[in-house]
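[1] Have a look; sequence and predicted model below, questions after that.
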Amino acid sequence: MKNKYAIVVIMVLLLSGCTTALTDNTQFVSPLSTFPISTVPTPTITSVPKTPTPIAIATPLPSKSTIVGQVVSTATIKAQPLSQTVVKLAEVVWDAEKKDGIFVVDGASSPSTITDEQGKFLFANIKPGQYVIVVGELTGINEIVAESNDSNKAKIFTVESDKILDVKEIEVKLKY
């Protein structure tokens, strides 16, 4: 980007919808969306330590949650860890009947981290809730983690208060 501010990108997608890569200034709109678009300062991205963090150190603060996992690319013959890759959490928002939902990624305030050399990531002390994981740059190449490799339905990860969720190995088709 040419300026020092990140454009807030709000991904709004029906949970039964499809996965797609965003391009600069692309926006998905849904009747459930009431989130304003604005320009905000670039967020600070916390990276995962180069040495694996023991799970005991990742214990969340009271009333918070932690998510750990590893991202690997299946774009090559042999699956390879994706190092130094952005991972973001998109919060899931449901309608009153909990029948239809969307997930929202805000380039400035959604939880974000970068994978280490082994593709491992850590989100420490996040608010409990339901999230969709987005791997890659929001305004570039990215992939939304789906229910299965052949599914166009976003996978929802539920994190509980005071708990650690290990999502294990997440496979994406990205290649960096």
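    Yes, it's here. Residues are numbered from 1 along each chain as shown.

[2] In this protein, where is pLDDT below threshold?
    Applying pLDDT under 70 to the chain flags the ranges 1-58, 149-150, 176.

[3] at 80 what do you get?
    For the chain, the stretches with pLDDT under 80 are 1-59, 148-151, 175-176.

[4] And the strands in it?
    Applying DSSP state E to the chain gives strands spanning 5-7, 13-14, 39-41, 46-47, 65-73, 80-81, 86-94, 101-104, 112-114, 120-126, 129-136, 142-144, 157-159, 164-172.

[5] could you dump those strands to a markdown table with mean neighbour count and distance to Thr59?
    The C-beta positions use only the backbone N, C-alpha and C, and glycine is treated the same way. Putting those into a markdown table (neighbours: other Cβ atoms under 10 Å; distance: least, Cβ to Cβ, whole Å) gives the following:
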| stretch | mean neighbour count | distance to Thr59 |
| --- | --- | --- |
| strand 5-7 | 16 | 31 |
| strand 13-14 | 18 | 32 |
| strand 39-41 | 11 | 30 |
| strand 46-47 | 14 | 17 |
| strand 65-73 | 21 | 7 |
| strand 80-81 | 15 | 24 |
| strand 86-94 | 21 | 19 |
| strand 101-104 | 23 | 27 |
| strand 112-114 | 19 | 17 |
| strand 120-126 | 21 | 9 |
| strand 129-136 | 23 | 18 |
| strand 142-144 | 22 | 28 |
| strand 157-159 | 17 | 13 |
| strand 164-172 | 17 | 7 |
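
[6] Format those strands as TSV; extra columns: distance to Ser151.
    Shown next, in TSV, are those (distance: least, Cβ to Cβ, whole Å):
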stretch	distance to Ser151
strand 5-7	29
strand 13-14	13
strand 39-41	33
strand 46-47	30
strand 65-73	18
strand 80-81	22
strand 86-94	16
strand 101-104	15
strand 112-114	24
strand 120-126	22
strand 129-136	13
strand 142-144	10
strand 157-159	15
strand 164-172	12
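
[7] Quick check, Tyr59 in contact with Leu122.
    No Tyr there; residue 59 is Thr. No - under the criterion of Cβ atoms under 8 Å, Thr59 makes no contact with Leu122, lying 11.6 Å away.

[8] Could you name every residue contacting both of the two?
    Thr66 (Cβ atoms under 8 Å, 6 or more residues apart in numbering).

[9] List the residues that contact the residue nearest to Glu117 when sequence neighbours are not counted.
    Distances taken as Cβ to Cβ, 6 or more residues apart in numbering place Ser83 nearest to Glu117, at 4.7 Å, with adjacent residues excluded. Applying Cβ under 8 Å, 6+ apart, we find Ser83 in contact with 115-119.

[10] what does Phe121 give?
    Neighbouring residues of Phe121 by Cβ under 8 Å, 6+ apart: 48, 68-71, 87, 113-115.
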